[in-house]
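*Asks:* fold the following, please.
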Amino acid sequence: MKVLVALILLVQLPIHKAVPTAPPPPLGCDDPESEAAAELAVNYINDHSHHGYKFALNRIENVRVIPQGLNHKILFLELDLLETECHILSPTPLENCTVRSFTEHAVEGDCDVKLQNLDGKLSVLASKCHSHADSNEDVTRVCPDCPLLANLNNTQVLTAVTAALNSHNSKTAGAYLKLLEIGRARIQYHPVHLVFVEFAVAATNCSAGEAKANVDACQLLPDDQSNFGFCTATMATQPLQDVQVDCKLYGHQAGVTYSQPGQDTSAGLLPNVVQGFTNHNLRLSHNNPFASESSSSEFPTFVVAAKPVVKRTVGEAAQHDKVARPVGFVPPPPPPCPGRVHHFKI
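*Replies:* Okay, the predicted model is just below:
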């Protein structure tokens, strides 16, 4: 009898079905967590770039969060970056580096970065980037007379770099400098023909005077004594040739090395990776396919559907603005992505 009563009571107990957990709300591109992840990602990209210039964050284009359990999640960021005036060998902190203006023929970087947040600690797992210069048409539309980027192996560019470095070495009593790489070059054809070049250099174990006797004996300093630097120069070719050059050495930086291209650059030659290109492509340093969410099919994705935009006339908009709002009304938050533009949009 007791067993029968127990069975009846068991049948009458309510049955609780497991309710599926709703996905977390999307993380906005301008949220503090997204910005902190983007800052870490940009520093990672710059620290692991081998050539060219440091890049600064211009906009967070998209962010996806994939929960991985308690206090653990994966973040996928899509970032829009802009080239700065600081070479990757420069010790200048990124926050003090000037972003190149639009009229200087800006270079944009597009990066996918995969990070993890484990117990509140962010770390970068993978990065994939591509960088490209703005189109000539966009620049000339705003500034018809602005000089445009030239190929790094352009004959005029190589001539200008060689002449500038020779000019510096002939006038200095300090260390003889050798070329590491040409960073960028622009050519102005009107009203005066000018070639603007920027290039990274390194001190050798020779003085400029000693190099005159036997330049082939001059070698770059070893890593524990390395001294990198940067030069900017302008060469006029018409009506007379004239070169103005300014070179600065950074001093030894512990742990900072330069990835040698495996090719002599002392005469203005360039590594093969930049032949025929106007800028150093971030793809050469960051090309990990696992940085993209699309390559990680093992993770579910939470996609925020975009709402249709309804355009209104000026009269309709004015009438809409006159609608009384209830006390305590809070306008809806802005769309989660893309985020704000920090500098300018290309």
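*Asks:* I'd assumed C111 was in a helix, is it?
*Replies:* No. Counting by DSSP: H, G, I helix; E, B strand; the rest coil, C111 is not found in a helix; it is strand.
*Asks:* ok, and the closest non-adjacent residue to it?
*Replies:* In space, and not counting its chain neighbours, C111 is closest to C129: 4.1 Å by Cβ to Cβ, 6 or more residues apart in numbering. From N, CA and C alone the C-beta is placed, and that goes for glycine too.
*Asks:* same question, R340
*Replies:* Closest residue in space to R340, ignoring its immediate chain neighbours: D30 at 5.8 Å, by Cβ to Cβ, 6+ apart.
*Asks:* model confidence over the helix or strand containing R186, on average?
*Replies:* Assigned by DSSP states H and E, R186 belongs to strand 175-188. For strand 175-188, mean pLDDT is 96.
*Asks:* and if you look at stretch 287-300?
*Replies:* Across stretch 287-300, the average pLDDT comes to 69.
*Asks:* partners of the strand holding R186 in the sheet?
*Replies:* Neighbouring strands of strand 175-188 in its sheet, by DSSP bridges, are strand 148-149 (antiparallel), strand 194-207 (antiparallel).
*Asks:* which residues does S123 bridge with?
*Replies:* Beta-bridge partners of S123, as defined by DSSP bridges: Q116.
*Asks:* so what's it up against?
*Replies:* L40, L115, Q116 (Cβ atoms under 8 Å, 6 or more residues apart in numbering).
*Asks:* the last one against L122, yeah?
*Replies:* Yes. In terms of Cβ atoms under 8 Å, Q116 counts as a neighbour of L122; the distance is 7.4 Å.
*Asks:* put the alpha carbons of the strand holding R186 into PDB.
*Replies:* Coordinates of each C-alpha in strand 175-188 appear next as PDB, following Å, rounded to 0.1, in the frame of the first residue of the first chain:
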ATOM      1  CA  ALA A 175      78.400  56.200 -37.600                       C
ATOM      2  CA  TYR A 176      78.100  55.200 -41.200                       C
ATOM      3  CA  LEU A 177      74.500  54.300 -41.900                       C
ATOM      4  CA  LYS A 178      73.200  51.500 -44.100                       C
ATOM      5  CA  LEU A 179      69.700  51.200 -45.600                       C
ATOM      6  CA  LEU A 180      67.300  48.700 -44.000                       C
ATOM      7  CA  GLU A 181      64.200  49.400 -46.100                       C
ATOM      8  CA  ILE A 182      62.300  52.100 -47.900                       C
ATOM      9  CA  GLY A 183      59.100  52.900 -46.000                       C
ATOM     10  CA  ARG A 184      57.200  55.000 -48.500                       C
ATOM     11  CA  ALA A 185      57.700  57.400 -51.400                       C
ATOM     12  CA  ARG A 186      55.600  60.100 -53.100                       C
ATOM     13  CA  ILE A 187      56.300  62.000 -56.300                       C
ATOM     14  CA  GLN A 188      55.100  65.400 -57.100                       C
END
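*Asks:* which residue is nearest the middle of this structure?
*Replies:* With distances taken as Cα atoms, centre = their mean, F55 lies nearest the centre of the chain, 3.5 Å away.
*Asks:* read off the pLDDT value for it.
*Replies:* F55 carries a pLDDT value of 98.
*Asks:* one more: P335?
*Replies:* P335 is assigned a pLDDT of 67 by the prediction.
*Asks:* tell me which residues of stretch 165-173 are tucked away?
*Replies:* L165, S167, H168, N169 (16 or more other Cβ atoms under 10 Å).
*Asks:* so the last one, which state does it fall into?
*Replies:* Right, N169. Here N169 is recorded as helix under three-state DSSP.
*Asks:* so who does it touch?
*Replies:* Contacts of N169 (Cβ under 8 Å, 6+ apart): Y176, L177, A208, A211.
*Asks:* if you set the cut-off to 10 Å instead, what comes out?
*Replies:* Applying Cβ atoms under 10 Å, 6 or more residues apart in numbering, we find N169 in contact with 175-178, 201, 204, 206-209, 211-212, 215, 218, 245, 247.
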